[in-house]
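Novice: Quick one: sequence plus predicted model below, questions after.
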Number of protein chains: 2
Amino acid sequence: MTTMTDHPFDTDTAVERTGEHRYATALTDRWSALGGTPNGGYMLAVALRALAREVRLPDPLVVSAHFLRPGAVGPGEVLTEVARAGRRVATGEARLLQDGREVLRLLATFGDLEGADGRTALFNGPPDLPPPDETPEVLDGGVMPGVSITERVEYRAPRPPGWARGEPGGDPSVEFWMRYRDGRDADPLALAALVDAAAPAVLDIGARGSATIELTVHVRARPAPGWLACRASTRHVIGGYHEEDFEIWDSRGRLVAQSRQFALLPG
Amino acid sequence: MTTMTDHPFDTDTAVERTGEHRYATALTDRWSALGGTPNGGYMLAVALRALAREVRLPDPLVVSAHFLRPGAVGPGEVLTEVARAGRRVATGEARLLQDGREVLRLLATFGDLEGADGRTALFNGPPDLPPPDETPEVLDGGVMPGVSITERVEYRAPRPPGWARGEPGGDPSVEFWMRYRDGRDADPLALAALVDAAAPAVLDIGARGSATIELTVHVRARPAPGWLACRASTRHVIGGYHEEDFEIWDSRGRLVAQSRQFALLPG
């Protein structure tokens, strides 16, 4: 279920159909990550929104995006292709290009989360966090200068990570609340962006950043309105390459998204 | 680093170039999974071997495969495309078709694992297993009738999972040794197949199987020769959809591959 509102997430991921399977878009400066380029999850959402227009099933279930080049603020084009449209699931591809150069390519399989009537069995629970209104913001003053995504997304944690105090604690594992600052609730498309919207867990081992090579998102349920409880961790940094695992649980305590990315520490 | 030997894994994943970016292959009956169709990891390896021929970098670093239809024993075609060939990483796409119908599509980013000279920091260790020669086979008699991949791959575990005794224990989490039965050592291409070569962890909650929708593999190092220590688990089964996480550690105790798949319990 993708929704369109006049919230910046929706206006800034909007796509306009310009031809068969082709869409025009414009990346804005409101979702920049560390380094100043558009956040990867934001770009993923732009490409995914275009592909969603081509698919008759409502929810992205699993999205795999490979990042080829840094994006830039400015116009872009999304080329889509439906590889298989089944009754229960449909799989397609989207490519985001800027100046004719490919920035990211993704494969996504869509389905209907409301129609998922199989068995449920959980062996993990949501982060144990105090209520959001009793939890301080992670960032002093709320935002990180030059990282405009922190003006759009709010993060609260009972124990802010060490890097946020300038003292990396050595533990790349963190739990926190997250939401859009002005209260737009998350939908599956927003979840696919939000799994990449927080600071990399490796900042707490003193890394200066993390360049995403690939990001896979599983959307597990349509989220209830309200704050999202998040858990991020990196367990294996090997030769600079590392994974980051991310979970998002909704305000009713249900897992709504899970992601893993493959990334590289800056050299 | 892909190697070619006369081992069944190599002969059965062989591809022959038939045109620009096109390869012919033949899926054999020696890698069938539960249900009798070719194992997903095996089909992934066929497509990846073709794409590796088009890329100048030696190692698949991260592979994301979406499974569109069951494969079948018989001829197939792999169509490849290099999306971006950089100095340090290169990304491409491969599609496996049978009878003109697409069976799987994958994106893969290649690099050089020996050239990964960044930082290493680990927050997880290998499975704690007794030596392989003191560990019994998981399957009584070694193989599962009708599941021919169990004739190619050997599994040993100190406490075989409950499902293997006909008594699912309710814990979809298992550690075990794995290797090709006749001693072919794993290389990165083999790792990308082996992460999908064991029985699904959800068998231990009484599931009759698990249909892979998407599989992402991270190859983290070229493995040392010998047995592979594996850890598989599922933590969230929601409406039938579930993830399976898989780690492979080599005989020197290094993480060499990590994967997550998104799958559906049979209805």
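Specialist: Okay, I see it.
Novice: Span of stretch A:95-115 from start to end?
Specialist: Using CA to CA, to the nearest Å, the end-to-end distance of stretch A:95-115 comes to 28 Å.
Novice: typo on my end, it should be stretch A:234-254
Specialist: 22 Å.
Novice: Quick check: buried residues in it?
Specialist: Neighbour-count burial for stretch A:234-254 flags A:234-251, A:254 (criterion: 16 or more other CB atoms under 10 Å in any protein chain shown). The way it works is simple: take the backbone N, C-alpha and C, and place the C-beta from them, glycine included.
Novice: Contacts only, for residue A:123.
Specialist: Contacts here follow CB atoms under 8 Å, 6 or more residues apart in numbering or on different chains; on that basis residue A:123 touches B:171-173, B:233-236.
Novice: sorry, that was for residue A:246
Specialist: When contacts are counted by CB under 8 Å, 6+ apart, residue A:246 touches A:195-196, A:198, A:230-232, A:257-261.
Novice: And it, how far from residue B:25?
Specialist: Note on residue A:246: its distance to residue B:25, by CB to CB, to the nearest Å, is 36 Å.
Novice: next one: residue A:105
Specialist: 23 Å.
Novice: Which residue of those two possesses the greater neighbour count?
Specialist: More crowded of residue A:105 and residue B:25, by other CB atoms under 10 Å in any protein chain shown: residue A:105, with 25 against 22.
Novice: For whichever strand or helix holds that one, list every residue counted as buried.
Specialist: Using DSSP states H and E, the element containing residue A:105 is strand A:101-111. Neighbour counts over strand A:101-111 (16+ other CB under 10 Å) mark A:102-111 as buried.
Novice: Stretch A:19-38 too?
Specialist: A:21, A:23, A:25, A:27-28, A:30-34, A:37-38.
Novice: what residues are up against residue A:227?
Specialist: So residue A:227 contacts A:132, A:177-179, A:251 (CB under 8 Å, 6+ apart).
Novice: switch the cut-off to 6 Å
Specialist: A:132, A:177, A:179, A:251 (CB atoms under 6 Å, 6 or more residues apart in numbering or on different chains).
Novice: Chain A: helices as residue ranges?
Specialist: For chain A, applying DSSP state H gives helices covering A:8-12, A:40-52, A:149-152, A:188-194.
Novice: Can you lay out those helices as TSV showing mean neighbour count and distance to residue B:86?
Specialist: Converted to TSV, those look like this (neighbours: other CB atoms under 10 Å in any protein chain shown; distance: least, CB to CB, whole Å):
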stretch	mean neighbour count	distance to residue B:86
helix A:8-12	18	28
helix A:40-52	27	17
helix A:149-152	21	26
helix A:188-194	27	25
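Novice: possible to save those as a markdown table with mean pLDDT and distance to residue B:43?
Specialist: Formatted as a markdown table, these follow (pLDDT from 0 to 100; distance: least, CB to CB, whole Å):
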| stretch | mean pLDDT | distance to residue B:43 |
| --- | --- | --- |
| helix A:8-12 | 96 | 37 |
| helix A:40-52 | 98 | 24 |
| helix A:149-152 | 96 | 38 |
| helix A:188-194 | 98 | 26 |
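Novice: Compare these and give me the one nearest residue B:218.
Specialist: For residue B:218, the closest of those is helix A:40-52, at 16.6 Å, according to CB to CB.
Novice: hang on, the earlier thing: same list, the contacts of residue A:123, but as CSV with pLDDT and distance to chain A please.
Specialist: Formatted as CSV, those follow (pLDDT from 0 to 100; distance: CB to the nearest CB, whole Å):
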residue, pLDDT, distance to chain A
B:171, 92, 8
B:172, 96, 7
B:173, 95, 7
B:233, 98, 8
B:234, 98, 7
B:235, 98, 4
B:236, 98, 5
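Novice: Mind picking the two most distant members of these?
Specialist: For the contacts of residue A:123, with distances taken as CB to CB, the pair at the greatest spread is B:171 and B:236 (14.2 Å).
Novice: right, is stretch A:256-266 up against chain B?
Specialist: Yes: among the residues of stretch A:256-266, A:260, A:262, A:265 lie within reach of chain B under CB under 6 Å from any CB of the partner chain.
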